[in-house]
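> requesting a structural model of the entry that follows:
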Amino acid sequence: MGMADITNKPIVLRRAETSGKIYLSKSTIGIIREGKVKKGNPLPVAEVAGMNAAKQTHLLIPHCHQIPLDMVSVDFQVMDDHIDARCEVSAQARTGVEMEALVGVSIALNTIWDMVKYLEKDENGQYPGTRITDIKVLKKKKG
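A predicted model of the protein is given here:
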């Protein structure tokens, strides 16, 4: 089987925007807002992680083509009980960039979890309220 052959497809502008959420305790959100997370501010670290992940998608998902990305942006909105994340990707390519945007937003959210996990653990070392949800493609555009 192998990868899809896209040799004869035209190179056109491709864009994709994705989103997702990480639910955290209100105390963790407060510590993030106060800038007191031990490992530093998770948002700029998660932004860089998401950008790097989007660029590495072809190494992570076997059937994805290696696409030189023209732009990757990752941004966040801190709410009272969660953080909304968005990732937007664009490229001049023969195939879409929605997987790159999905990987970008997913890794950004996982990076936030990693940086605040010590705050989220309960007395048994579990994460009863922490969850990543609603990862989806908001829109994709071709041409």
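> what ranges does this protein have for its helices?
All helices of the chain, identified by DSSP state H, fall at 26-34, 42-55, 57-60, 98-120.
> tell me the most buried of those?
helix 98-120 (a mean of 22; mean count of other Cβ atoms under 10 Å). (Each C-beta comes from the backbone N, C-alpha and C, glycine too.)
> other SSEs contacting it?
Where contact means 3 or more Cβ pairs under 8 Å, 6 or more residues apart in numbering; DSSP states H and E, helix 98-120 is packed against strand 12-23, helix 26-34, helix 42-55, helix 57-60, strand 71-78, strand 82-93, strand 131-142.
> spatially central, which residue of the chain would that be?
For the chain, Val105 is the residue whose C-alpha lies nearest the centre (Cα atoms, centre = their mean; 1.2 Å).
> so who does it touch?
The contact partners of Val105, taken as Cβ atoms under 8 Å, 6 or more residues apart in numbering, are Thr18, Ser19, Gly20, Gly50, Val74, Ala85, Arg86, Cys87, Ile135.
> brilliant, that's me finished.
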